[in-house]
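Trainee: coordinates for the following, if possible.
(2 chains)
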Amino acid sequence: MARSFHLEIIATDRIFYKGECEHLVVTAIDGLVGIMAGHEPVVTTLPTGELKYMVDGKWRYAAISGGFIQVMPESSIILADNCELPEEIDIKRAQEARERAQERLRQKQSIKEYYQTQAALNRAINRLKVSKKHFK
Amino acid sequence: MANIREIRERIGSIKQILKITNAMYLMSSSKLKKARKSLEDTEPYFYKLQETIDSILEHTPHTRQFYFDRRTGIAEENRKKGYIVITADKGLCGSYNHNVLRFTEQELAAQSNLDNCKLFVMGQVGRIYFQNRRKDSVDSEFLYTTQNPTLYRAMEIAQLVISKFEDGELDEVYLIYTDMVNSNVMETRKLRLLPFERRHFGKAPDGTLKKLPKASFLPSPEVVMENIIPNYAKGVIYGAMVEAFCCEQQSRMTAMDAATNSAKDMIKELSLLYNRARQAAITQEITEVCGGAQSISD
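Mentor: Here you go, the predicted structure:
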């Protein structure tokens, strides 16, 4: 078994995961980042994306939207706006959110509104992707 | 002796009001429960956020950060200050609103140049108050409710003030809200949101600075900070919103409880009066009947 490190994933509304983890893969701004025990200290931001971490040799998946990660050699902390398991995702709601966002993107909007809509669309698409991939 | 009908009507109207105050009491106590729960749910996040930012800052050698820039070049009377004031959407909550408004007034009175102060008022009560008094300093497009604080709302507010700070429209941003010290003690507070202070983030509980190796930032410290600081501002605003909402419900609960009790006391007193008046009327009638009978038999 690989050496494990302490991982905390904290969303704004709850503690998502707290415990040992052997391998962590997060989506950073410029691509995937894999983290194992003894990683050099790193701080990076996480956009909306997918997250996976290995506990007892099994991969676990989650959809994460916005946040950042602080990596230390023996522990890592992820602070996220929102974090969900694939089976927690309400597909219908995500689909509706996607359609709503797409509809709004067709309208003329201010730059700020445009970014907000785009972020909403990203979140919805990410939710759908994660739930489709890992939850049948 | 008061009119019997008048007293009866008065008791009736007090009973109606009692129903309302009692219902409001129950509503605010259930809302308080909900607000407390959301406060508890989010607390770990904010403590961790504070801790993490703290340790990140310790690992960053350069403090010449945009969000830490105090803009000392600008003279005191030219500094543009923004105040986010959190009040309730309605009254009927004791001195809760009054305390916030008075605190804000005091704060404004201490300023050397009122024209450079901008008010961002959350909640109807405060907005109406300041719109009548200081029309020029209230941002009329800042329309947010304080009911059921959400992270989304906090994010919008954070984005707004940060963009104003970036554009130089504001040099300092403060947050005025009510903090719940414990369930009986509330305190109106002022918190500086921008620019950030280092000591703002506090030190470890034992006062020692953790000596850890320097962390690297991906892709660059600037990008990371740019993402984290709005996150932090959002967290602070959300925390203040939840605290204020808890306080509002708590004060409304206390106020409505007092109102219900005093309504009950009034009903008690009035029913005593009513019974007395009724008894007096009956006695009088009997006396009249007896008097009449006596005069006939005589």
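Trainee: for the residue nearest to A:Lys129 when sequence neighbours are not counted, give me phi and psi.
Mentor: Closest residue to A:Lys129 apart from its sequence neighbours, by CB to CB, 6 or more residues apart in numbering or on different chains: A:Glu50 at 7.1 Å. Glycine gets a C-beta too; all of them are placed from N, C-alpha and C. Main-chain dihedrals, A:Glu50, degrees, to the nearest 10: phi -100, psi 160.
Trainee: for A:Thr117, see how far away A:Glu50 is.
Mentor: 21 Å (CB to CB, to the nearest Å).
Trainee: same deal with A:Trp59?
Mentor: A:Trp59 is 32 Å from A:Thr117, by CB to CB.
Trainee: so between the two, which is more surrounded?
Mentor: A:Thr117 (19 against 12; other CB atoms under 10 Å in any protein chain shown).
Trainee: the residue nearest to A:Lys129 and A:Ser131 touch, don't they?
Mentor: No. A:Glu50 is beyond contact range of A:Ser131, at 10.6 Å (criterion: CB atoms under 8 Å).
Trainee: okay, those two: which has more neighbours?
Mentor: Taking other CB under 10 Å, A:Glu50 and A:Ser131 do not tie; A:Ser131 has more neighbours (21 against 18).
Trainee: list, one by one, the residues from chain A near chain B.
Mentor: A:8, A:10-15, A:28-30, A:33, A:40-45, A:66-68, A:70-72, A:77, A:79, A:81, A:112 (CB under 8 Å from any CB of the partner chain).
Trainee: again, only using 6 Å
Mentor: Proximity of chain A to chain B is confined to A:10, A:12-15, A:28, A:30, A:41-45, A:68, A:70, A:77, A:79 under the rule CB under 6 Å from any CB of the partner chain.
Trainee: looking at these, which is nearest B:Phe130?
Mentor: A:Thr12 (30.3 Å; CB to CB).
Trainee: how many residues are close by that closest one?
Mentor: 24.
Trainee: nearest residue to it other than its sequence neighbours?
Mentor: Closest to A:Thr12 by CB to CB, 6+ apart is B:Tyr45, at 4.9 Å.
Trainee: now B:Lys34
Mentor: Per CB to CB, 6+ apart, closest to B:Lys34 is B:Asn148, 8.0 Å.
Trainee: given the lengthiest strand in chain A, what are its sheet partners and their directions?
Mentor: Looking across chain A with DSSP state E, the single longest strand is strand A:58-71. Applying DSSP bridges to the sheet, strand A:58-71 is found paired with strand A:42-46 (antiparallel), strand A:49-55 (antiparallel), strand A:75-84 (antiparallel).
Trainee: pLDDT averaged over stretch B:34-41 - what is it?
Mentor: Averaging pLDDT along stretch B:34-41 gives 84.
Trainee: still on that earlier bit, can I get the strands paired with strand A:58-71 in a markdown table with mean pLDDT?
Mentor: Converted to a markdown table, the strands paired with strand A:58-71 look like this (pLDDT from 0 to 100):
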| stretch | mean pLDDT |
| --- | --- |
| strand A:42-46 | 87 |
| strand A:49-55 | 90 |
| strand A:75-84 | 88 |
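Trainee: with distance to A:Arg93 added, can I get those strands in a markdown table?
Mentor: Formatted as a markdown table, these follow (distance: least, CB to CB, whole Å):
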| stretch | distance to A:Arg93 |
| --- | --- |
| strand A:42-46 | 22 |
| strand A:49-55 | 18 |
| strand A:75-84 | 11 |
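Trainee: out of the ones you listed, flag the one nearest B:Ala233.
Mentor: strand A:75-84 (13.3 Å).
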